[in-house]
Structures are given as structure tokens and as C-alpha cells.
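Novice: turn this into a model:
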Amino acid sequence: QVQLVESGGGLVQAGGSLRLSCAASGRTSSNYNMGWFRQAPGKEREFVAAIRHSGGDTYYVDSVKGRFTISRDNAENTVYLQMNSLKPEDTAIYYCAAAAKVLWVTDRRRDYDYWGQGTQVTVSS
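Specialist: Here you go, the predicted model:
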């Protein structure tokens, strides 16, 4: 089992920045590919970014490319999502997830086995 705990959410004005953290505990999460998803009110949960277990490969949804950066510190069992130039449409609950079985960076929800409880990000206009 892997436990994931997100932090770093909050209220920010448009154009501002936030850095989300995802602390992992339990089984060796450094071997897992990790991802961030988000869910806005009334919408489906959508993929945001993913990173390979080694940190060498990353993948982003088009709407956040150039603004968000995913990274990880395996020594600290933590994954980060640096979010810059935030827009009101980025408002959502952000979830961290771990993919224990797939070897590639993936944007498919069904590939992720463990999920955190989420952290709220609100961007005001």
C-alpha cells in the first residue's frame, strides 16, 4: 500500500503561482510513476501532468504546458507540481496519484492505483 498526502493548495489571484506537494509513504513509491489530476466542480477528473519514476520523462496536458512543472525528489518520497501563471480555469481539487504497474508515463486514470485526498486550488480573476 502507498499513502499519498497532498498539500500546498490555496487561494491565489490570476497570474500568481502555487507549488503543490505530494508526500508518499508505505511501499517504495520511488519505483512508481506519479501523476497529478484535477477535478473542477461539475466536471470529470482530468489528467494534468505525470513523471517517470526516475524523473527522466514528463508529460503534460496541453492546457498547462509552459506554465506547470512536475518534479520529484525520490530521497524525500515527494512529488511536486509548480504552477505558474495561474488562470481561473485552473480552479479545481488537485489529486496526486501513483501508478504501480505501468512502466511508461501515462495520462489514463485507470493506470493509477493509489490516490491522495486532494488539495483545493482556487484562482480568482
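Novice: when you work out contacts or count neighbours from here on, use the C-alpha atoms and nothing else.
Specialist: Will do.
Novice: at the geometric centre of the chain, which residue do we find?
Specialist: Trp36 (2.2 Å; Cα atoms, centre = their mean).
Novice: need the contact list for that one.
Specialist: Phe47, Val48, Ala49, Ala50, Leu81, Tyr94, Tyr95, Cys96, Ala97 (Cα atoms under 8 Å, 6 or more residues apart in numbering).
Novice: now render those as CSV, adding neighbour count and secondary structure.
Specialist: CSV is the format used below for the contacts of Trp36 (neighbours: other Cα atoms under 10 Å; DSSP: H, G, I helix; E, B strand; the rest coil):
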residue, neighbour count, secondary structure
Phe47, 20, strand
Val48, 24, strand
Ala49, 26, strand
Ala50, 30, strand
Leu81, 23, strand
Tyr94, 27, strand
Tyr95, 26, strand
Cys96, 31, strand
Ala97, 30, strand
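Novice: pLDDT of stretch 103-115, averaged?
Specialist: Averaging pLDDT along stretch 103-115 gives 94.
Novice: contacting residues for the residue nearest to Ser124 when sequence neighbours are not counted?
Specialist: Among residues not flanking Ser124 along the chain, Gln13 sits closest, at 4.8 Å (Cα to Cα, 6 or more residues apart in numbering). Gln13 sits next to Leu86, Val123, Ser124, Ser125 when contact means Cα under 8 Å, 6+ apart.
Novice: measure Gln13 to Thr122 for me?
Specialist: 8 Å (Cα to Cα, to the nearest Å).
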